[in-house]
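J.: with the input below, show me the fold.
(one chain, ligands or ions: 2)
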Amino acid sequence: YGDYNQKIDYVFKGVLIGDSAVGKSQLLARFARNEFNVDSKATIGVEFHTKTLVIDNKTVKSQIWDTAGQERYRAVTSAYYRGAVGAMLVYDMTKRQSFDNMARWLEELRGHADTNIIIIRIGNKCDLANLRAVPTEDAKEFAQREILFFMETSALESTNVETAFFTVLTQIYRIIS
Ligand code: GDP
Ligand code: MG
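T.: Ligands and ions are numbered 1, 2, ... in the order given. From the prediction side, this is the model:
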């Protein structure tokens with residue numbers, strides 16, 4: 001921190017995808033800045049945040065892209081996916097529809113992204129346990145079938161957020177290094 005000469009060993013691009021309002025922007029805000037905005041506005045314009053981590057004594061700069069509120073128009077462009085080595089497919093575990101739509105997001109990802117992209121599926125809003133609409137078992141089963149990592153998170157309570165990003169970035173590092 002504050003070291004201008006800090007050597008960056010790797011730069012990884014990651015993308016967040018999933019239905020609108022599942023919590024993608026809040027997950028990124030939590031990871032990159034340890035923030036949560038109670039009344040977050042829909043993201044306008046393509047945005048990314050960077051965070052530098054140390055993995056195996058190497059400095060890894062992650063550049064995570066957030067959709068520009070284009071989810072509902074299915075207008076996420078191929079430029080968004082270009083060069084991405086990791087993807088986080090996010091659903092809201094209190095909204096079954098957002099889970100069912102994962103198949104479509106995965107298809108879109110397979111169509112646009114590199115075949116070797118590392119994917120993690122994230123069930124967000126686990127703080128709302130009493131409103132759960134997607135059993136953990138359903139999500140795990142899907143994850144195993146599609147060879148994805150899976151984690152339940154809460155951007156609000158900061159549960160598993162860092163772990164989820166770390167899991168993807170570490171896996172990418174292992175494959176690339
Ligand atoms: P996006 O459209 O996927 O980027 O979703 P946002 O990050 O904008 O979040 C949509 C709404 O869900 C906002 O009102 C957030 O405050 C809320 N939200 C996001 N993450 C969580 C969470 O982990 N728990 C709860 N209870 N609400 C969340
Ligand atoms: Mg957003």
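J.: so where's this protein uncertain?
T.: Counting by pLDDT under 70, the ranges of the chain that qualify are 1-5, 39-46, 69-70, 72-75.
J.: verify the contact between residue 122 and residue 151 for me.
T.: Yes. When contacts are counted by CB atoms under 8 Å, residue 122 is listed as touching residue 151 (5.7 Å). For every residue, glycine as well, the C-beta is placed using N, CA and C.
J.: does the residue nearest the centre of the chain belong to a helix, a strand or coil?
T.: Of all residues in the chain, the one closest to the mean position by CA atoms, centre = their mean is residue 88, 3.0 Å from it. What DSSP: H, G, I helix; E, B strand; the rest coil gives for residue 88 is strand.
J.: so it bridges to which residues?
T.: Partner residues in beta bridges with residue 88: residue 16, residue 120, with DSSP bridges as the criterion.
J.: pretty sure it sits against residue 14.
T.: Yes. The pair formed by residue 88 and residue 14 meets the contact definition of CB under 8 Å, at 6.7 Å.
J.: show me how far stretch 124-136 is from its chain's centre.
T.: Average the C-alpha atoms of stretch 124-136, do the same for its chain, and the two points are 18 Å apart (CA atoms, centre = their mean, to the nearest Å).
J.: report the buried residues of that stretch.
T.: When burial is assessed from 16 or more other CB atoms under 10 Å, stretch 124-136 yields the following buried residues: 124-127, 134.
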